[in-house]
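S.K.: All I have is the shape, not the residue letters:
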């Protein structure tokens, strides 16, 4: 199976995504956590969230739903995004990673990619992963 996004596309996305503007929007509008750490998915009880998950208040994606957001315990602000493909519903989304530590980035990436026949994500980082590891005390 060929990857849905080429490495060149992911690099282009990382360079041209408006990281600062999205970070400012998240700070201004805030977020709502509707699936806290260790909560179960409302439709799939076997799915348990590894960190807080919700959405950016006052935003809308192409499907009319708010922009999804994973919120961690770091201090870096917007650290990355996951470009996801939901194969059950046939839709693509961007899920943002806000204040995620290096460990939380790994957790979220593994969570999204647990069963790639159902949901697949392509991680795009704002900062090199090595710098996120350096943030750990």
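M.R.: Cool, the structure landed. Not measured: the values here are computed from a predicted model. Numbering: from 1, shown residues only.

S.K.: Give me the contact list for the helix or strand of the chain with the lowest mean pLDDT.
M.R.: Using mean pLDDT, DSSP states H and E, the weakest-scoring helix or strand in the chain turns out to be helix 129-134, at a mean of 90. Contact with helix 129-134 is made by 74, 76, 79, 100, 101, 102, 105, 125, as judged by CB atoms under 8 Å, 6 or more residues apart in numbering. Placement of C-beta: from N, CA and C, glycine included.

S.K.: what do you get if the cut-off is 7 Å, keeping everything else the same?
M.R.: Contact partners of helix 129-134, identified using CB atoms under 7 Å, 6 or more residues apart in numbering, comprise 79, 101, 102, 105.

S.K.: can you map out the helices along this structure?
M.R.: With DSSP state H, the ranges of helices along the chain come out as 7-16, 19-29, 102-112, 129-134.

S.K.: how about the ones you listed, which one is nearest residue 49?
M.R.: Smallest distance to residue 49 across these (CB to CB): 7.4 Å, for helix 102-112.

S.K.: list the helices and strands that closest one packs on?
M.R.: strand 78-86, strand 119-125, helix 129-134 (3 or more CB pairs under 7 Å, 6 or more residues apart in numbering; DSSP states H and E).

S.K.: Could you name the helices and strands sitting against the longest one?
M.R.: Which is strand 78-86. Counting by 3+ CB pairs under 7 Å, 6+ apart, strand 78-86 packs on helix 19-29, strand 91-98, helix 102-112, strand 119-125.

S.K.: Quick one: closest of the ones you listed to residue 43.
M.R.: The nearest among these, by CB to CB, is strand 119-125 at 12.9 Å.

S.K.: what are the pairing partners of the closest one, and which direction each?
M.R.: Sheet partners assigned to strand 119-125 using DSSP bridges are listed as strand 78-86 (antiparallel).

S.K.: How far does the strand it pairs with sit from its chain's centre?
M.R.: From the chain centre to the centre of strand 78-86 is a distance of 4 Å (CA atoms, centre = their mean, to the nearest Å).
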